[in-house]
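S.K.: How does the following fold in three dimensions:
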Amino acid sequence: MAQRKPPRRTRERILETALTLMNQLGEPHVTTANIADELNISPGNLYYHFRNKDDIIGELYAALESKIAPLLSWPDDRAATVEDLWLLLHLLFERMWEYRFFYRDVDEITSRNRRIARRFSDLTQRAESTVIQLCARLAEAGTLRASEREITALATNVVIVATYWMSFHRIARGAATGPSDGGEGNQTSRAVYQVLALVSPFLAGDDRALIERLGAEYLR
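M.R.: Next comes the predicted model:
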């Protein structure tokens with residue numbers, strides 16, 4: 001007989017509900033009262049676990065960081081291919097999509113929470129370093145043709161587009177919630193292509209053709 005799963009603790013339920021509401025409505029439009037109402041608990045019960053909304057956001061950001069950080073490393077002695085970059089971007093955007101509220105309102109959140117701002121700054125620097133390492137391996141393999149300065153600028157542009165893609169897409173679509181998201185698969189694929197399009201001009205031959213084929217699929 002299968003064992004029954006233990007009931008989720010109230011703290012876990014608060015975080016799950018807050019994440020769902022913020023992804024749907026946008027972080028500025030969700031209050032602790034909204035979260036308590038959705039859970040059918042008293043505000044006092046919520047405040048027993050979290051002092052305020054920023055505490056909840058801090059926990060959610062820590063979870064996001066724990067999922068992204070392991071991806072941001074590239075062994076110095078390992079070669080790289082365009083497929084490696086493609087896979088890395090897919091994995092990153094999948095995790096970013098899960099916590100998309102943060103990226104849609106990243107300026108708002110980091111402007112009022114200095115601790116998250118510092119941690120996110122460190123994370124983006126690690127992301128930039130990882131892209132530089134990966135591009136350097138591609139250059140060594142003859143896959144990518146760019147100078148060291150060009151690779152550094154390219155890495156910065158990759159991080160900028162990745163960081164603000166979801167915010168841009170929300171604004172471009174003229175809505176912040178649900179149906180306008182277009183689904184996780186569509187969002188992830190389009191975001192990956194937008195970043196790969198930055199890299200494509202530095203590639204040649206089969207590798208550049210690969211990105212063009214991916215673009216043809218992603219932009220259908």
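
S.K.: rest of the way, CA atoms for contacts and neighbours
M.R.: Fine.

S.K.: how about the residue minimising distance to the centre of the chain, secondary structure?
M.R.: Centrality entry for the chain: nearest residue to the mean C-alpha point is Met96, 2.3 Å, by CA atoms, centre = their mean. Per DSSP: H, G, I helix; E, B strand; the rest coil, the secondary structure class of Met96 is helix.

S.K.: Would you confirm that it contacts Ala63?
M.R.: No - the pair formed by Met96 and Ala63 falls short of the contact definition of CA atoms under 8 Å, at 11.0 Å.

S.K.: Can you pull the poorly scored residue ranges out of the protein?
M.R.: By pLDDT under 70, the low-scoring segments of the chain are 1-8, 174-186, 218-220.

S.K.: try 50 this time
M.R.: 1-2, 5-6, 176-180 (pLDDT under 50).

S.K.: Tell me where the protein has helices.
M.R.: Ranges of helices within the chain are 10-25, 32-39, 43-49, 53-68, 82-98, 100-104, 106-112, 114-140, 148-173, 184-199, 205-218, based on DSSP state H.

S.K.: In JSON lines, list the ones you listed along with distance to Asp76.
M.R.: Putting those into JSON lines (distance: least, CA to CA, whole Å) gives the following:
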{"stretch": "helix 10-25", "distance to Asp76": "36"}
{"stretch": "helix 32-39", "distance to Asp76": "45"}
{"stretch": "helix 43-49", "distance to Asp76": "43"}
{"stretch": "helix 53-68", "distance to Asp76": "20"}
{"stretch": "helix 82-98", "distance to Asp76": "14"}
{"stretch": "helix 100-104", "distance to Asp76": "30"}
{"stretch": "helix 106-112", "distance to Asp76": "31"}
{"stretch": "helix 114-140", "distance to Asp76": "8"}
{"stretch": "helix 148-173", "distance to Asp76": "16"}
{"stretch": "helix 184-199", "distance to Asp76": "20"}
{"stretch": "helix 205-218", "distance to Asp76": "22"}
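
S.K.: Let me know which of those is the nearest to Pro75.
M.R.: Closest approach to Pro75 among the helices of the chain (CA to CA): helix 114-140, 8.4 Å.

S.K.: packing partners for that closest one?
M.R.: Using 3 or more CA pairs under 8 Å, 6 or more residues apart in numbering; DSSP states H and E as the contact criterion, the neighbours of helix 114-140 among helices and strands are helix 53-68, helix 106-112, helix 148-173.

S.K.: May I see the buried residues of the first one?
M.R.: In this case it means helix 53-68. Of the residues in helix 53-68, those with enough neighbours to count as buried (16 or more other CA atoms under 10 Å) are 53, 56-57, 60-61, 64-65, 68.

S.K.: With respect to Leu87, which of these is nearest?
M.R.: With CA to CA as the yardstick, the closest approach to Leu87 among those comes from Ile68, at 13.4 Å.

S.K.: Spit out the contact partners of the closest one.
M.R.: Listed by CA atoms under 8 Å, 6 or more residues apart in numbering, the contact set of Ile68 reads 92, 95.

S.K.: Next one: it from Asn34, what distance?
M.R.: When distances are taken as CA to CA, to the nearest Å, Ile68 and Asn34 turn out to be 28 Å apart.
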